[in-house]
Every structure is written in structure tokens, then in C-alpha cells.
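S.K.: Predicted model follows, preceded by the sequence.
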Amino acid sequence: MPGTTVRDAVVDVLRERGLTTLFANPGSTEVPFLSGLPDDLEFVLALHEASVVGIATGWAIARAEPALALLHTTAGLGNAVGALATARVNRAPLVVLVGQQDRRHLAHEPFLTGRLRSLAGDYPVWVDEPVGPQDLPGSLSRAYHEAVTGRGPAIVIAPMDDWAAPAGDRANQAAPRSVVRAAAVDPAAVDALVELLASAERPAIVVGSGADDAASWEALVRVAENLRAPVWQESFGARAGFPHDHPQFAGHLPADRPRLRALLEPHDVVLVVGAPAFRQYAYAPGLLYPARTRVAVVTDDPAEAHRSVAELAVLAPVAGLCAELARKVAPRAGSVRSPGVREPVPALAAHNPLRAGHVFDALAGRLSRDAVVIEESPSSRRELLERLPARAPLGILSPAMGGLGFGIPAAIGIRMGAPERQVVALVGDGASLYSIQALWTAVRYRVGALIVILANGGYAVMDRLMDMEGGSPPWPRFPEIDFVALARAFGCPAEGVATTDELERCLDEVVPGLEGRDQPLALVVSVAPDETFEP
């Protein structure tokens, strides 16, 4: 249309793609785009770029569709790089629009010029600097497709003068209106896996984040029951790939080679679904698994398939392939419950101060079956996973990259994207300090997430790692930080808890109404530091 600007064309693209919620911490290079923002585009402010991306990541994961994040040139993108890395490893599709200085004097590198293309390294699935202003709408459309296909952040860099330029002919936009991604599975691949599983005397299954959807869960339950096979969760995964309360679930894989080898020793065939073979933490020498064990991997992530140590890697839609396996794997004789299933989690004795496990147990008995638990408590992660089993898809969410500052923003984004579900973030006090300002966003946009801060007065996991190294930590503890006052300073209701009675009283008041809650609550629980750490 005559007089249509690039900004007008971009707004049309955002509407068509459903990118009408903008998560942002704006700067001057974004003002020409944001000035006079149409009423149907919702602007969500976060007070730091890592929180912007963390909230957008939670939104994208909850809705299984791309979210839009707006960042400010070098400062904004630079602050967000760690969160973008987490989004990539957590398979979250993001369209990231990054402001740039006016292209008419970029050659002079004026103030706020960003060297942006490579700033986030290899973590974006795609980065584009449109050659001309008229290419920007098509670039954003393509970024949407790239984010979905690559399941990660796709970055588009927009010079600030582009917005006022005349729009080009829409017929020239370098992006399709829609992309159809085939869900069919190669029958030969299915037959190869069925044959391998049929040959197994003692099969086992390992699941990961790539299987965390209702269709994959349903199919994998049938496969596990037919095979009478124990099911383990990959170590340090972002999400569950199987119901943790199912009789076939055996627990989480250890994150070092000696224990992994010992665990897999009884099994002649291991089927890995939605994960690589195998994710580890601390290095240890030797093979990942016994030489006689045959391993097959099913994933829709090419990089995951290509780096796996396996006899066979099948690159295919996970849910579709699992459905075919469920149909073709013949049921075996014997009871459904198989050897290798985990023992019941032992009860905790009374302790003063409380231990993190007491908090997990108290929540486990009160949260709804489909509650979303965000984990960011490194020193007690293993116990959290044992005491708070994922009972529905997206039942557990962790920052699979390992960086801190994800828990609070992710809880906000998940709750905004799935307001019908209870959302609880369990974060260490040290972890909370990376993004505690995100509480302001939860208050401003009436996001009813429960944020539980486990306050042990220091970096407990680092203390334990230093113990294992035989040294003493050079960092101080920080018991003097008043986390209740800090949360309240951002306008967030907050309460301190120190005893079992206080904890149970508070949870009894809050959890039953958590689905309908329209304000966050920060619950600061004083806990004893974890005395051991074993990843």
C-alpha cells in the first residue's frame, strides 16, 4: 500500500505469526519501532535482558510456539547471551529482534554500534542482518520458521532507521507463509529398531527432553510395558521424557562414566529417546557403557544424533516414531514392574533448621498432578528430582545449560503461557540473586507463580565441590542478605519460613488457590546447607 513503512509491514508479520507479546528491556535503538505501538501488541517489561529471555523462554516452552524477545544492541544482546544459550539447550523457539544503530553511519561506528552477528556465538540457530530495510519483514518471518525448525533462538538485527523506510512488495519477502514439517517415519528405521529390541534379553530405555510431550509419553509407556524394561531419565536434562511415577521408571542416570557403566552393565540393548548417548558432567576415563551393550538413539535433533556414541542413531520425529514402536514392539511375558526400578524415597527425620528435602516433600503432597516445577537449586537437584516426580509433560523444567538466573524468569514465562497450571520455582538463594529483579515483572503483569527461595546462606554446591577438591573456598557466605525484604522491595509479597509448622501452614494457605492466583509469592525458607553433593 502507498505510504506503508517497514514498521507497518513488520507489525503485520508479528500479527500473522502470533508474536503479539513483546518481552523486552528497551533502549534507544528500539524507540523508532516501539513509538506508538499498536494496542493489540502487548509490551512486557523485564528489568534485565537475561530475565527478558528467561521469561520468553518459559512462555515459548509452555505454549510450544515461538516467543518474541526485543533486545538493545550490544549491551542488551551481551547481557542475554547466557540466557540465549539456555534457550538453545532447552529447545525453546525464540524470535529475537536486536536493535542496531542507524545504518546510514554504521561505517563510522557511532555510539551504540553493535558488532552483533557473532556476539551470541553459536547458540542462535540463525542470525540475520537484512541487507536492506525492505528485507526486514521477510527476515522476521524466516526467523519464526528457523526458531521452530531449529528449536532455539533466531536473531534478526534491525538498524533503527529501517523502520521508517518504505515497505517493499510483500511478494518479494524471502520466507514462506507456512512450513509443513513431516511427521511420518521411515518404516525401515522402525523395523531396524524393532529388530534390535526383539534381540534384547535385558533391554532398557533412557528418555530425555525431546520426548517431553503427551504423545511421546503415552507411546513410551506402552513400549516400556511391552518390553518389561526399566526407564531412566537422562542426566542433567531440561525436562522429563516419561512419567516419573510409573512403575517402570527407575530414576535418573548418573552423570559420570563409572557409575553409568555399572548401571547399564546388566542390559544388552539400551534405547535412548529424545536425548544423546550420553550426557555427562565431570570427566572420568573409560567407555561410556559396557562394550557388549548395544545402544540406539532416537532424536529429531541432528547434532544430538551425530555426537551420540551409539550403534544406531535414527533422526526422526520422536512422537511419531515412538507411536510406531508402541504398535510394533511385541509384549513380553512377566509382570510390568521390572528389576532395576528405584526404591521408595526414604522419609526425612525432623531437623532444625529444615533441609531442602523437607520442602520438596511438603510440596509433593500438595501440588496438583500437572503442576510445573522449575528447578534451580544445584546442590539439592538430585533430591528434588527424587521427591518431586514429574507426573505430566512439562512437570519439571531445569536450565539444561547449567547457568543460573533461569528459575524465576522461567516460572514467570511458564505461568503467563500456561495460566491454568500451578507453577512453582525452587531456587537457591545464590541462584535467585542472578534474576531476583524479575519479581517486579511478575507483580506488574499479575503473574501468580510461587517462588520458593531455599536460603542456606551461600553457594552450597560450590562449597561441596571445593570440599571434594580438598581445598577451602575463597568466597564468603552471605547469611546477612534479607531475601524477604529484597522481594518486597520489588513489590512482591514475601514471607519467611524457618520451621515445619510455618512451612506447612503457608503451603496449606497458598497451594490450593495457586491456579487462580494473580500475584506472585516469594517464600523464603531457611534451610541447612546440603552436606554432600553427587551429580
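M.R.: That came through fine. Numbering: from 1, shown residues only.
S.K.: contacts for the helix or strand hosting residue 224?
M.R.: Here residue 224 sits within helix 214-227, counting by DSSP states H and E. With Cβ atoms under 8 Å, 6 or more residues apart in numbering as the test, helix 214-227 has contacts from 197, 200, 203, 205, 207, 211, 229-231, 241-243, 246, 248, 271, 273-274, 318-319, 322-323, 325-326, 329-332, 336, 393. C-beta: built from backbone N, CA, C; applies to glycine.
S.K.: For that helix, buried residues please.
M.R.: 215-217, 219-227 (16 or more other Cβ atoms under 10 Å).
S.K.: What helices and strands are in contact with the longest helix that the chain contains?
M.R.: When the chain is parsed with DSSP state H, its longest helix is helix 73-89. Applying 3 or more Cβ pairs under 8 Å, 6 or more residues apart in numbering; DSSP states H and E, one finds that helix 73-89 contacts helix 49-63, strand 67-72, strand 94-100, strand 153-159.
S.K.: thinking again about what came up before, can you say which of the contacts of helix 214-227 are buried?
M.R.: Neighbour counting with 16+ other Cβ under 10 Å marks 197, 200, 203, 205, 207, 211, 229-231, 241-243, 246, 248, 271, 273-274, 318-319, 322-323, 325-326, 329, 393 as buried within these.
S.K.: Looking at these, which are in helices?
M.R.: Among the buried ones among the contacts of helix 214-227, the members falling in helices (DSSP H) are 197, 318-319, 322-323, 325-326.
S.K.: Which one of the residues you listed is nearest to residue 118?
M.R.: Taking Cβ to Cβ as the measure, residue 318 is the one of these closest to residue 118, at 31.6 Å.
S.K.: circling back to that earlier point, let's see which of the contacts of helix 214-227 end up in strands.
M.R.: In strands, defined here by DSSP state E, the members of these are 203, 205, 207, 231, 271, 273.
S.K.: so what's the third one up against?
M.R.: For residue 207, the residues meeting the contact criterion (Cβ under 8 Å, 6+ apart) are 220, 231-234, 240-242, 272-275.
S.K.: just the fourth one next, same as before
M.R.: By Cβ under 8 Å, 6+ apart, the contact list for residue 231 reads 204-207, 220, 224, 242, 246, 248-250.
S.K.: and which of the residues you listed is nearest residue 54?
M.R.: Closest approach to residue 54 among the contacts of residue 231 (Cβ to Cβ): residue 207, at 25.1 Å.
S.K.: which residue sits closest to the closest one, ignoring its sequence neighbours?
M.R.: Residue nearest to residue 207 in three dimensions, not counting chain neighbours: residue 241, with 3.0 Å by Cβ to Cβ, 6 or more residues apart in numbering.
S.K.: Would you agree that neighbour is in contact with residue 211?
M.R.: Yes: under the criterion of Cβ atoms under 8 Å, residue 241 makes contact with residue 211 at 3.4 Å.
S.K.: Give the residues shared as contacts by the two.
M.R.: With Cβ under 8 Å, 6+ apart as the test, residue 241 and residue 211 both reach 217, 220, 273-275.
S.K.: Low-confidence regions, the chain specifically.
M.R.: 1-2, 335-342 (pLDDT under 70).
S.K.: tell me, what residue is most central in it?
M.R.: In the chain, the centroid-proximal residue (Cα atoms, centre = their mean) is residue 90; its distance is 4.0 Å.
S.K.: My read is that it contacts residue 212, right?
M.R.: No: the pair residue 90 and residue 212 fails to qualify as a contact (Cβ under 8 Å) at a distance of 10.5 Å.
S.K.: if we can go back for a sec, do you know how far the residue nearest to residue 207 is from residue 116?
M.R.: 35 Å (Cβ to Cβ, to the nearest Å).
S.K.: Equivalent analysis for residue 329, please.
M.R.: Residue 329 is 49 Å from residue 116, where distance means Cβ to Cβ.
S.K.: Repeat that for residue 491.
M.R.: For residue 491, the distance to residue 116 (Cβ to Cβ) stands at 33 Å.
S.K.: Ok, residue 47 next?
M.R.: 22 Å.
S.K.: With neighbour numbers in mind, choose between these two.
M.R.: Remark: of residue 47 and residue 116, residue 116 carries more neighbours, 20 against 16, as counted by other Cβ atoms under 10 Å.
S.K.: List the residues that contact the closest residue to the more buried one other than its chain neighbours.
M.R.: Of all residues not flanking residue 116 in the chain, residue 157 sits nearest, at 5.1 Å (Cβ to Cβ, 6+ apart). For residue 157, the contacting residues are 98, 100, 114, 116-117, 127-130, by Cβ under 8 Å, 6+ apart.
S.K.: Could you report the separation of residue 157 from residue 125?
M.R.: Going from residue 157 to residue 125 by Cβ to Cβ gives 15 Å.
S.K.: what sits in contact with each of residue 90 and residue 212?
M.R.: Common contacts of residue 90 and residue 212 (Cβ under 8 Å, 6+ apart): residue 239.
S.K.: what comes into contact with the helix or strand where residue 303 lies?
M.R.: According to DSSP H and E, residue 303 maps onto helix 302-306. With contacts defined as Cβ under 8 Å, 6+ apart, helix 302-306 is touched by 210, 275-276, 297, 299, 313-315.
S.K.: For these, which single residue is the most surrounded?
M.R.: Top of the contacts of helix 302-306 by neighbour number is residue 297, holding 28 neighbours under the definition other Cβ under 10 Å.
S.K.: these two touch, right, that one and residue 274?
M.R.: No: Residue 297 is beyond contact range of residue 274, at 9.2 Å (criterion: Cβ under 8 Å).
S.K.: circling back to that earlier point, which ones among the contacts of residue 157 lie within strands?
M.R.: Judged by DSSP E, the contacts of residue 157 include 98, 100, 127-128 as members of strands.
S.K.: nearest to residue 354, of the residues you listed?
M.R.: Of the ones in strands among the contacts of residue 157, the one sitting nearest to residue 354 (Cβ to Cβ) turns out to be residue 98, at 43.8 Å.
S.K.: Skipping its backbone neighbours, what lies nearest residue 403 in space?
M.R.: Of all residues not flanking residue 403 in the chain, residue 82 sits nearest, at 4.7 Å (Cβ to Cβ, 6+ apart).
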